[in-house]
Each structure stands twice: as C-alpha cells, then as structure tokens.
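A.B. asks: could you look at this predicted model? Sequence included:
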Amino acid sequence: MWESEGTFEYGNCRREADDLHSVIQHFLEANRVTSAILGHSKGGNVVLLYASKYHDVPCVINVSGRYKTEGGVEERLGKGFLQKVKEDGFLLIIF
C-alpha cells in the first residue's frame with residue numbers, strides 16, 4: 001500500500017491537483033494510459049483544476065463538485081475571517 005508523505009491541509013485543491021499529476025505521470029512511465037479522471041465533491045473541483053492546468057487527460061468528469069464553500073471555511077477559520085485577512089493585507093482566494 002502506498003502512503004502519502006504529506007500532511008492533511010484543509011482546502012488544498014492545488015496541491016491535490018499536483019498530486020494527481022504525479023500519479024498520472026507514474027502511470028504514463030509504466031506505459032499505462034489515463035483516458036479519464038473522475039472526482040466527486042471536493043475531488044470534483046480537484047479534477048477541474050487539474051484539467052485546467054495540465055491538459056493531458058482527454059476526459060474529465062466532475063460529479064457533484066462543491067460550489068458553495070464559504071460556510072466550511074468560516075467554520076474552520078472563524079467568523080469575520082475574510083475581513084481580518086483584508087485588514088492584514090493578505091490575499092485569500094476561495095474556489
């Protein structure tokens with residue numbers, strides 16, 4: 001069984017898309033063709049991000065991808081987190 005070297009991070013779709021790219025590259029090096037990728041919920045967003053970045057898989061399927069994520073972010077970062085980020089001068093991108 002393969003174990004991830006990393007630690008869990010909330011909402012890190014970009015890193016997960018990069019991890020998916022590593023897996024697809026591994027299959028490519030093993031002479032395996034990846035003809036489609038499918039993601040559900042958060043994974044649906046990951047496969048869309050992957051497809052927009054890498055363009056190497058011909059079929060991408062998003063099943064019930066997340067579309068309204070601000071509630072989950074507020075639960076983890078607290079009420080008023082977006083205003084605090086703006087006041088502190090940081091850029092926060094929620095997708």
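C.D. replies: Great, that's in hand. Numbers count the residues shown, from 1 in each chain.
A.B. asks: report the buried residues of the longest helix along the chain.
C.D. replies: What stands out as the longest helix in the chain, according to DSSP state H, is helix 13-29. Buried residues in helix 13-29, counting neighbours by 16 or more other C-beta atoms under 10 Å, are found at 13, 16-17, 20, 24. In short, each C-beta sits where N, CA and C put it, glycine included.
A.B. asks: the bottom helix or strand of this structure by mean pLDDT?
C.D. replies: Lowest by mean pLDDT, DSSP states H and E among the helices and strands of the chain is helix 70-77, with a mean of 62.
A.B. asks: pLDDT weak spots in this structure?
C.D. replies: Within the chain, the segments meeting pLDDT under 70 span 1-11, 68-78, 81-82, 84-95.
A.B. asks: swap the cut-off to 90 and go again
C.D. replies: Within the chain, the stretches with pLDDT under 90 are 1-16, 39-49, 52, 62-95.
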